[in-house]
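J.: what follows is a predicted protein model with its sequence.
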Amino acid sequence: MNNIVIKTLLIAGICTSANAHEVWINTGSFELNSDKQTTYSLDVARSADAFIAEANHQVNYLNVVSPTGKKSQLDAAFSGKNKEVFEQDFTENGTYHFRSPVTHVFLTFYRDAAGKKHKIGMSKSHYDELPENSKVERTVEKQMITEAYISYNGFTNPQYNQAQQGITLIPSKHPNMFTVGDKIGFTASFDGKPLANAEFSIKSLNSIYDPDFEQIELTTDDNGQIEFTPSDSGRYIVAVEHSMQLHNDKEADQRSVELFLSFDVVN
């Protein structure tokens, strides 16, 4: 596995921009303990800066799996300009899994008549709306899912489903038990198979308080694995991306499948 301490930016032949937008789930804490309060809020938004709400991603609902495996759909309680707010009633003790539905965004990269580069939210079927004499470079369909694990009054083993479609990300230990100085590993799979050479990035809320704190970028090994060692506590988001070329597709030349996971690292 790759192994690094989070303080240094590594570039591993990755084309993902350091200013890429992540879709994240945020809450007051990913570990909740209370004898009285059962309802807690979660935010979902999209932003370039980790956990600083910039745009509502319009996921509308979250898929929830309770500690006993009960599945439900949690609808948004409030939808604002910058984020959506969800309110979950925690009725079982243990670890809950929250996962958004797949969202689709099309991005077209082109040059105008003067050769200046542009990016616009558009599929191939809308090329007629581009300015005259534009030269299209490519159109990408981005499929995105964001997820998080929240433990209420204790921990239970999360139910990872490696057979599900799309990307599955399995941590090397319970996702609510990450600590500073311990190696944290992830195994990524796509449609149930190891996802090798996938782009993997790590951001943290710490970047707001520490100007030297950098985003980390890695690629998964042949077994779909990466590993790093956090030197700071705080809130993190990891993103794994798998890209594929499309042939004779009417809407895009390339598809980018992305999965985002939010979690805390404690001392």
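T.: That came in fine, so what should we check first? As the structure is a computational prediction, the values presented were derived from the model and not from experiment.
J.: from here on, contacts and neighbour counts on C-alpha atoms
T.: Noted.
J.: so who does Arg111 touch?
T.: Shown in contact with Arg111 (C-alpha atoms under 8 Å, 6 or more residues apart in numbering): 117-118, 134-137.
J.: to clarify, my last question referred to Pro194.
T.: Residues in contact with Pro194 (C-alpha under 8 Å, 6+ apart) are 187-188, 222-224.
J.: quick one: buried ones out of these?
T.: With burial judged by 16 or more other C-alpha atoms under 10 Å, the buried subset of these is 187-188, 224.
J.: low-confidence stretches in the stretch 1-150 of the chain?
T.: Applying pLDDT under 70 to the stretch 1-150 of the chain picks out residues 1-20.
J.: now the helices for the stretch 101-250 of the chain?
T.: In the stretch 101-250 of the chain, no helices are defined using DSSP state H, counting those that start in this stretch.
J.: ranges for the strands of it?
T.: Along the stretch 101-250 of the chain, counting by DSSP state E, counting those that start in this stretch, strands occupy 103-111, 117-120, 135-152, 167-171, 184-190, 193-194, 199-204, 216-219, 225-228, 234-245.
J.: so can I have JSON lines of those showing distance to Gln88?
T.: Listed next are the strands of the stretch 101-250 of the chain as JSON lines, based on distance: least, C-alpha to C-alpha, whole Å:
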{"stretch": "strand 103-111", "distance to Gln88": "21"}
{"stretch": "strand 117-120", "distance to Gln88": "35"}
{"stretch": "strand 135-152", "distance to Gln88": "11"}
{"stretch": "strand 167-171", "distance to Gln88": "23"}
{"stretch": "strand 184-190", "distance to Gln88": "27"}
{"stretch": "strand 193-194", "distance to Gln88": "32"}
{"stretch": "strand 199-204", "distance to Gln88": "24"}
{"stretch": "strand 216-219", "distance to Gln88": "32"}
{"stretch": "strand 225-228", "distance to Gln88": "31"}
{"stretch": "strand 234-245", "distance to Gln88": "20"}
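J.: picking up where we left off before, turn the contacts of Arg111 into JSON lines, columns for neighbour count and distance to Leu32.
T.: Formatted as JSON lines, the contacts of Arg111 follow (neighbours: other C-alpha atoms under 10 Å; distance: C-alpha to C-alpha, whole Å):
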{"residue": "Lys117", "neighbour count": "14", "distance to Leu32": "47"}
{"residue": "His118", "neighbour count": "13", "distance to Leu32": "44"}
{"residue": "Ser134", "neighbour count": "17", "distance to Leu32": "53"}
{"residue": "Lys135", "neighbour count": "16", "distance to Leu32": "52"}
{"residue": "Val136", "neighbour count": "17", "distance to Leu32": "49"}
{"residue": "Glu137", "neighbour count": "13", "distance to Leu32": "48"}
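J.: please identify which of those is nearest to Ala77.
T.: Using C-alpha to C-alpha, His118 comes nearest to Ala77 of the contacts of Arg111, at 35.9 Å.
J.: what sits against that closest one?
T.: His118 makes contact with 109-112 under the criterion C-alpha under 8 Å, 6+ apart.
J.: distance of the residue lying closest to it once chain neighbours are set aside from Lys116?
T.: In space, and not counting its chain neighbours, His118 is closest to Tyr110: 5.4 Å by C-alpha to C-alpha, 6 or more residues apart in numbering. Distance, Tyr110 to Lys116, using C-alpha to C-alpha, to the nearest Å: 8 Å.
J.: neighbour count winner among the two?
T.: A count of neighbours by other C-alpha atoms under 10 Å puts Tyr110 above the other of Tyr110 and Lys116, at 19 against 10.
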